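Colleague: pasted the sequence and its predicted model underneath.
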Amino acid sequence: MRSLVNLILFQSGWWGTVLLVESQSSLMAFSLSISLGLIHLILFSFPGETEFVLKTSLMGYLADMLLHKSGMITFLPQVETLPPPWLFGIWFLLSCTLLHSMRWLFEKRILGLVASAIIGPLTYFLVAQKYSFISYPSTIFPTLLFQGLIWGILVFLFSKLAPKATSMIDLKHKHILLTGASRGIGLALARELASRNVTLHLVGRSITDEHVAELKKLGAQDVRIHQSDLSNTQELDQLVGHLKTFPIEVLINNAGQLTGGLLEEQSVDEIEKMLNLNVNALIRLTRLMLPQMLKAQRGVIINNSSVSGKMFFPCASTYAASKAAVAAFTHSLAQELRGTGVSAHLMITPGVKTKMFDDISTLYGGHLDLSFMSSITASSWAKTVVSQVEQGRDVIWPHGTTYFGVKFAYYFPVLFEKMVATKFKR
């Protein structure tokens, strides 16, 4: 079904663009191809692919424009006089519908450069001739060689900009320290990790014997419970001192607290408690656990941020500030740790159906229309997190429309703010 929808989007986009360009409706052709490409991204995209599509679209567009300026190819008369947006639209649609084969070119490096230099120009030559957009001179072979050279250079340059995964991470049989493990996302992560036959060190206030029995049944080699107030410096030092007897190789800073509402209506004490837990405790625990990881030259640190740390909504000022701080801390730490054997990973957590998610209505609902909000199950998010960490992904993004929304807020902040303003009232 996916392939069928992909084919329908691709063919309808191509033929629609052909008809519109030949009737000199350049702007309409651009709008059609971009719209169909966006539909494809919303339906089929995975984390990190929006940037990839934009880069490959720009790569193809620049290659054609350079060839056109050099006289190696010419646009047909009905196209020649038109401005070039339609051409970028075509490449955007092409990049969306051929996403996975295009990604292969990036990931295979040298082999991808060779393949792109041969397959790309040849395929595009055949497509261009079929759809009559571009005419090639009689000396086609040197033109295709030159086009292949341009493609190879562009693939190389854009591959340097593409987000990279670190090496694959094996979580099996590891000692894992997980905070906020009593419920919600923390408990779901514990369940997902248990199947990797790990030893779980869980920090939480209400972890029951039933939870321990369940996790062992799911495959955990051992489950150890640690009662600690993470916002209390003395208790945090005691926790780390006790954990030094264990080879902790994975730290998941998941514990968090929600605040919200108009800033002047929020409790100062609640704000300070939230910041202590969400930011200060996370940084302190990471700082205390890091030396033994560096000494062992192996370790994984996973910090729980949120879409609120990337998308800035009214009524979320203090909570968003804490999650943006976690994101900044993790990105900076990841750079410090390159080459040490220790890696830092960031969770951009979407709406997850937990008690904290339910509390959003109480804290935000009086001033913000929340009808746009959606949520996924904690188990679904836990599977995504563990899977992407095992793949070595530095940033664990949410799927689908939430991912698209985060990127929209990043690339079009003014438009995003105007849209959000329609949902807010004091």
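Modeller: Looks like it arrived, so ask away.

Colleague: residue 423 against residue 365, yeah?
Modeller: No. The criterion here is CB atoms under 8 Å, and residue 423 misses it with residue 365 at 11.1 Å. Where C-beta positions appear, they are placed from N, C-alpha and C, glycine not excepted.

Colleague: residue boundaries of the strands in the stretch 201-350 of the chain?
Modeller: Here the stretch 201-350 of the chain has its strands, by DSSP state E, counting those that start in this stretch, at 222-226, 248-253, 299-306, 342-349.

Colleague: tell me the pLDDT of the spatially closest residue to residue 195 that is not a sequence neighbour.
Modeller: Distances taken as CB to CB, 6 or more residues apart in numbering put residue 219 closest to residue 195, at 4.8 Å, once the chain neighbours are dropped. Note on residue 219: pLDDT of 94.

Colleague: again with residue 171
Modeller: 92.

Colleague: and it, what is it in contact with?
Modeller: Shown in contact with residue 171 (CB atoms under 8 Å, 6 or more residues apart in numbering): 193, 196, 198, 250, 300, 386, 389, 390.

Colleague: buried subset of those, written for ChimeraX?
Modeller: Listed next is the ChimeraX selection for buried residues among these, using 16 or more other CB atoms under 10 Å:
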select :193,196,198,250,300,386,389
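
Colleague: mark which of the contacts of residue 171 are part of helices, please.
Modeller: Mapping these onto helices (DSSP state H) picks out 193, 386, 389, 390.

Colleague: any chance of those in JSON lines, plus pLDDT and distance to residue 170?
Modeller: Converted to JSON lines, the ones in helices among the contacts of residue 171 look like this (pLDDT from 0 to 100; distance: CB to CB, whole Å):
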{"residue": "193", "pLDDT": "96", "distance to residue 170": "12"}
{"residue": "386", "pLDDT": "94", "distance to residue 170": "12"}
{"residue": "389", "pLDDT": "92", "distance to residue 170": "10"}
{"residue": "390", "pLDDT": "91", "distance to residue 170": "7"}
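
Colleague: and which of the residues you listed is nearest residue 232?
Modeller: Nearest to residue 232 among the ones in helices among the contacts of residue 171 is residue 193, at 26.1 Å by CB to CB.

Colleague: that closest one touches residue 201, doesn't it?
Modeller: No. With contact defined as CB under 8 Å, residue 193 and residue 201 do not form a contacting pair (11.0 Å).

Colleague: overlap in contacts, those two.
Modeller: 176, 178.

Colleague: domains of the chain?
Modeller: Domain assignment for the chain by automatic domain parsing gives 2-161, 175-421.

Colleague: before we move on, the earlier item: TSV for the ones in helices among the contacts of residue 171, including distance to residue 312?
Modeller: What follows is the ones in helices among the contacts of residue 171, written out as TSV (distance: CB to CB, whole Å):
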residue	distance to residue 312
193	32
386	28
389	26
390	31
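
Colleague: turn the strands of the stretch 201-350 of the chain into JSON lines, including mean pLDDT and distance to residue 232.
Modeller: As requested, those are exported to JSON lines (pLDDT from 0 to 100; distance: least, CB to CB, whole Å):
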{"stretch": "strand 222-226", "mean pLDDT": "94", "distance to residue 232": "13"}
{"stretch": "strand 248-253", "mean pLDDT": "96", "distance to residue 232": "16"}
{"stretch": "strand 299-306", "mean pLDDT": "97", "distance to residue 232": "20"}
{"stretch": "strand 342-349", "mean pLDDT": "96", "distance to residue 232": "24"}
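
Colleague: among these, which comes closest to residue 238?
Modeller: In terms of CB to CB, the element of the strands of the stretch 201-350 of the chain nearest to residue 238 is strand 222-226, at 9.5 Å.

Colleague: just checking, what packs against that closest one?
Modeller: Contacts defined by 3 or more CB pairs under 8 Å, 6 or more residues apart in numbering; DSSP states H and E place strand 222-226 against strand 199-203, helix 209-218, helix 233-243.

Colleague: for residue 28, find the nearest of these.
Modeller: Nearest to residue 28, of all the helices and strands packed on strand 222-226, is helix 209-218, at 55.2 Å by CB to CB.

Colleague: coming back round to it: quick one: which of the strands of the stretch 201-350 of the chain is nearest residue 68?
Modeller: Using CB to CB, the nearest of the strands of the stretch 201-350 of the chain to residue 68 is strand 342-349, at 39.6 Å.

Colleague: quick one: strands adjacent to that closest one?
Modeller: strand 299-306 (parallel), strand 395-396 (parallel) (DSSP bridges).

Colleague: got the angle between the longest one and strand 248-253?
Modeller: It refers to strand 299-306. Between the axes of strand 299-306 and strand 248-253, defined by axes from the mean of the first three to the mean of the last three CA atoms, to 10 degrees, the angle is 10 degrees.

Colleague: mind listing residues that contact strand 299-306?
Modeller: 169, 171, 180, 185, 248-254, 256, 282, 286, 289-290, 293, 319-320, 323-324, 326-327, 329-330, 333, 341-349, 385, 389, 396.

Colleague: try stretch 281-297
Modeller: 177, 179, 230-231, 233, 236-237, 239-240, 243-244, 247-249, 251, 253, 255, 299, 301, 303, 326, 329, 333, 340-342.

Colleague: cutoff 7 Å now
Modeller: Contact with stretch 281-297 is made by 230-231, 236, 240, 244, 248, 251, 253, 299, 301, 303, 326, 329, 340-342, as judged by CB atoms under 7 Å, 6 or more residues apart in numbering.

Colleague: same deal with stretch 227-242?
Modeller: 179, 203, 226, 255, 273, 276, 277, 281, 284, 285, 288, 289.

Colleague: am I right that residue 371 sits in a helix?
Modeller: No. Counting by DSSP: H, G, I helix; E, B strand; the rest coil, one finds residue 371 to be coil, located in no helix.

Colleague: just for the stretch 101-250 of the chain, where's the confidence low?
Modeller: Where the stretch 101-250 of the chain drops to pLDDT under 70, the residues are 101-167.

Colleague: and with 50 instead?
Modeller: Counting by pLDDT under 50, the stretch 101-250 of the chain has low-confidence residues at 162-163, 165.

Colleague: can I get the strands paired with strand 342-349 in TSV including distance to residue 89?
Modeller: What follows is the strands paired with strand 342-349, written out as TSV (distance: least, CB to CB, whole Å):
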stretch	distance to residue 89
strand 299-306	34
strand 395-396	29
